[in-house]
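Q: Mind looking at a prediction? Sequence and model below.
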Amino acid sequence: MVNMWAITHDPGVWVDPLVFKPERFLNGDVDVKDGDLRLAPFGAGRRICPGKNLGLVTVTLWVAKLVHQFQWVQDLANPVDLSEVLRLSCEMKKPLQAVALQRTDELMHLFITT
Ligand code: HEM
């Protein structure tokens, strides 16, 4: 099994590997559509995700719809905890919980006018 955590945190591959810096991908150096093993979000080799192309063309729509139709807020009873735990893969120690508030027409109006 490939240790993707080690690859995605390798200072020989990434500048400031421990810093959350999504803009690092804006220069187009890493392309998830190719077989670039610096990221490999769909795995690689014979067990590569068979839904890769479907994922690539639809994931923007899923995210856009979730953001458009719901307001996402922290669940105060289960605050966000970014601690990690190494099991079969590196997982969140405490599963992420969030509250999705459906945007009503009134709320939508607020968002559009403010
Ligand atoms: C952004 C969306 C998706 C991501 C990031 C993703 C990621 C992954 C990853 C990392 C694997 C494991 C690959 C490996 O073991 O090397 C996998 C396997 C798999 N994915 Fe996806 N996937 C996505 C969407 C989909 C979709 C839309 C489908 C089906 C419609 C799908 C079906 C599968 C199946 C059946 C496997 C198991 C393949 C096997 O074990 O041979 N995935 N996916």
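A: Cool, got the structure. Numbering: from 1, shown residues only.
Q: my hunch is that residue 50 is in a strand, does that hold up?
A: No - using DSSP: H, G, I helix; E, B strand; the rest coil, the secondary structure at residue 50 is coil, not a strand.
Q: Counting neighbours, what do you get for it?
A: Around residue 50 sit 9 other residues, with neighbours defined as other Cβ atoms under 10 Å. All C-beta atoms are positioned from the backbone trio N, CA, C, and that covers glycine.
Q: Then the one 3 residues further on?
A: One way to gauge burial is a neighbour count; for residue 53, by other Cβ under 10 Å, it gives 11.
Q: ditto for residue 78
A: Neighbours of residue 78 (other Cβ under 10 Å): 13.
Q: Any chance you could list what contacts the helix or strand harbouring residue 71?
A: Here residue 71, judged by DSSP states H and E, is contained in strand 70-74. Residues from elsewhere that reach strand 70-74 (Cβ atoms under 8 Å, 6 or more residues apart in numbering): 66, 80, 98, 99, 100, 101, 102, 103, 107.
Q: Kindly list the main-chain dihedrals of the second one?
A: If I follow you right, that is residue 80. Phi and psi for residue 80, reported as degrees, to the nearest 10, are phi -60, psi 130.
Q: Give me the nearest residue to it, chain neighbours excluded.
A: In space, and not counting its chain neighbours, residue 80 is closest to residue 74: 5.8 Å by Cβ to Cβ, 6 or more residues apart in numbering.
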